[in-house]
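Structural data only, the sequence is not supplied:
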């Protein structure tokens, strides 16, 4: 099963104001794409959006659904590009409230589990940015169910688009398992406390699961980009330590300092990575 609404809200509904302190200006909570390594976080996040926009073969006249749309940063990018119909689904009430607050023209967001969603008419394109880690629990992965769960997802979303449609897809990956007990404990903490019920897929699981409904036309990994992204988030959060401790308490600050520090180490040491794919529907 996917992460429950209650589990999603553990990771995303602390406070929009809290996340606004340390994310970029548009509140992307996913890896940016640093192409030269010299970009600001804001510039690298827009580059991420452009890559996935191009992978989806979008233009202003096409409609798109963002599956797991967060606070609406990618939807806002579509508005910047003139997209007339950009929809999103999320399980987070706080994220949904933020999207509505932005009053983005042509944008509609729903609080909905992807398993329950059914569009009024087929979309021209799909995007999803690091939502798939909420689909398979660690227990299900240990039981060998991961590929079947991901395949069910790719099968269902293929029903939402027109023939030949493209899917701009991004996911966090789990790679090597660290050997030190502290590192293992920190990764377990991130999974159990910050994002309960979720698990990052392995690249080979995704490659297997897209069949038979999607063809991988392009694939790029960006481990170092996510390392830079999480490093920037950590540095920005640490600048607001006093304010965070005063308003949300020591536990929130300490938990997120531990989580983001673990992420920086995970990408530096190849425990984790990130992938972007251009998928085309097989009709």
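That came through, no problem. No experiment lies behind these values; they were computed from the predicted model shown. Numbers count the residues shown, from 1 in each chain.

From here on, just use CA atoms for contacts and neighbour counts.
Will do.

Which helix or strand in this structure has the lowest average pLDDT?
Least confident helix or strand of the chain, by mean pLDDT, DSSP states H and E, is helix 5-12 with a mean of 51.

Next secondary structure after that one?
Following helix 5-12 in sequence order, the next helix or strand is helix 16-20 (DSSP states H and E).

Give me the next element, helix or strand, following that next one.
helix 41-55.

Touching that next one from outside, list them.
Contacts to helix 41-55, defined as Cα atoms under 8 Å, 6 or more residues apart in numbering, come from residues 24-26, 28, 31-35, 74, 77, 127, 166-170, 229, 232, 276-279.

Could you rerun that using 7 Å?
24-25, 32-34, 74, 77, 166-169, 229, 278 (Cα atoms under 7 Å, 6 or more residues apart in numbering).

Stretch 267-278 too?
With contact meaning Cα under 7 Å, 6+ apart, stretch 267-278 is reached by 55-56, 166-178, 216-224, 226-227, 266.

For residue 89, pull up the helix or strand it's in.
Element membership of residue 89 [criterion: DSSP H and E] is strand 85-90.

Identify each buried residue in the helix or strand that that strand is followed by, please.
Counting by DSSP H and E, the element after strand 85-90 in chain order, helix or strand, is helix 93-102. Under the neighbour-count criterion of 16 or more other Cα atoms under 10 Å, helix 93-102 has 93-96, 99 buried.

TSV for the residues you listed, including distance to residue 120 and pLDDT?
Listed next are the buried residues of helix 93-102 as TSV, based on distance: Cα to Cα, whole Å; pLDDT from 0 to 100:
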residue	distance to residue 120	pLDDT
93	22	92
94	25	91
95	23	94
96	20	95
99	21	97
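
Please tabulate those residues in JSON lines, including the columns distance to residue 19.
Converted to JSON lines, those look like this (distance: Cα to Cα, whole Å):
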{"residue": "93", "distance to residue 19": "14"}
{"residue": "94", "distance to residue 19": "11"}
{"residue": "95", "distance to residue 19": "11"}
{"residue": "96", "distance to residue 19": "14"}
{"residue": "99", "distance to residue 19": "14"}
